[in-house]
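[1] Take this sequence and fold it.
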Amino acid sequence: MNINKTHQRNRKMVVSAILGAITIVLGMTPLGFIPLGVINATTMHIPVIIASIVEGPVVGAVVGLIFGISSLLNAILKNPTPVSFVFFNPVVSVLPRVLIGITSYYAYNGFKKLEHKKLKNLSYIFWIIILGFLIFTLIKDLGKLDVVNTILLVVFMVFSVGMIIYTKKSVEENFPVAIGAFIGSMTNTILVLGSIYLIYAEKYMTTLNLPVDTARKAILGISITSGIPEAILSVIITTAVVKALPKRRSF
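    Predicted coordinates for the structure are as follows:
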């Protein structure tokens, strides 16, 4: 028993270190941002979500802490922008990232308990909505997209179609993973932007030379135009990675 516990503890430490290192690399390279339509979607929170779903909320929170500290240091040391000051505060840069690992796990774990038929129906609806959003984005921004953006959107669309077909054959916890990834990603978006609004709204808008009274509208706009594509990207990548693993852990 002690040997088994030691093995599990060592595995968790290794997973935390590996996914934490991947998060840091994503933050230091262009790999941390993927063009999606006319905006860039961040991928830096995805290792946190994967860690929480595969190894549980504690490991997810640890990888989230690494992400948060990395975000804080990047804001201070790496090409700071006029609005980087908001990330100097750990409430904005660190705390939301730790919570990603917690919310994504419990969303995943909660939906995993649903019966097979409900999971199948929810999975159909979920992937059809994602496919519809991607098709809408492609049509709406077709004239503004370069070749790389177009290819990425088509790849994501093909993957979504594949997941719809796959769902018909077997759910295999597809929807719980997807909803865990979606909730985890939106946790990052809502808490980071919400903290900026509550703590720095006036200074943030003044720095950007925008009217302070439009702060709520501006930040809400960012959360929609950036947050939803990031969540969809998280769902697609997390689902693909977790499905590729030989066996998921249960906690």
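
[2] Next, find the distance separating L19 from Y200.
    30 Å (CB to CB, to the nearest Å). Just so you know, the C-beta spots here come from the backbone N, C-alpha and C atoms, and that holds for glycine as well.

[3] more crowded one of those two?
    L19 (26 against 18; other CB atoms under 10 Å).

[4] these two touch, right, the more buried one and V62?
    No. Counting by CB atoms under 8 Å, L19 does not reach V62; the two are 9.0 Å apart.

[5] list residues touching both of the two?
    Here L19 and V62 share the contacting residues A51, scored by CB atoms under 8 Å, 6 or more residues apart in numbering.

[6] Which strands or helices does the helix or strand containing L198 pack on?
    Per DSSP states H and E, L198 falls inside helix 174-207. For helix 174-207, the elements it packs on are helix 46-55, helix 90-93, helix 95-112, helix 116-140, helix 147-169, helix 215-222, helix 228-244, judged by 3 or more CB pairs under 8 Å, 6 or more residues apart in numbering; DSSP states H and E.

[7] For it, which residues meet the burial criterion?
    174-189, 191-193, 195-197, 200-201, 204-205 (16 or more other CB atoms under 10 Å).

[8] Quick one: low-confidence residue ranges for the stretch 101-250 of the chain.
    Low-confidence segments of the stretch 101-250 of the chain (pLDDT under 70): 143, 145-146, 148-149, 169-173, 224-225, 246-250.

[9] count of neighbours near the closest residue in space to Y124 that isn't next to it in sequence?
    The shortest distance from Y124 to any non-neighbouring residue, by CB to CB, 6 or more residues apart in numbering, is to T167 (5.7 Å). Residues near T167, counting by other CB under 10 Å, number 22.

[10] go on, V48?
    By other CB under 10 Å, neighbour count at V48 equals 34.

[11] repeat for M163
    Quick note: M163 (other CB under 10 Å) scores 24 neighbours.

[12] and what of K144?
    For K144, using other CB under 10 Å, the count is 9.

[13] and the gap between K217 and P211?
    Using CB to CB, we find K217 at a distance of 10 Å from P211.
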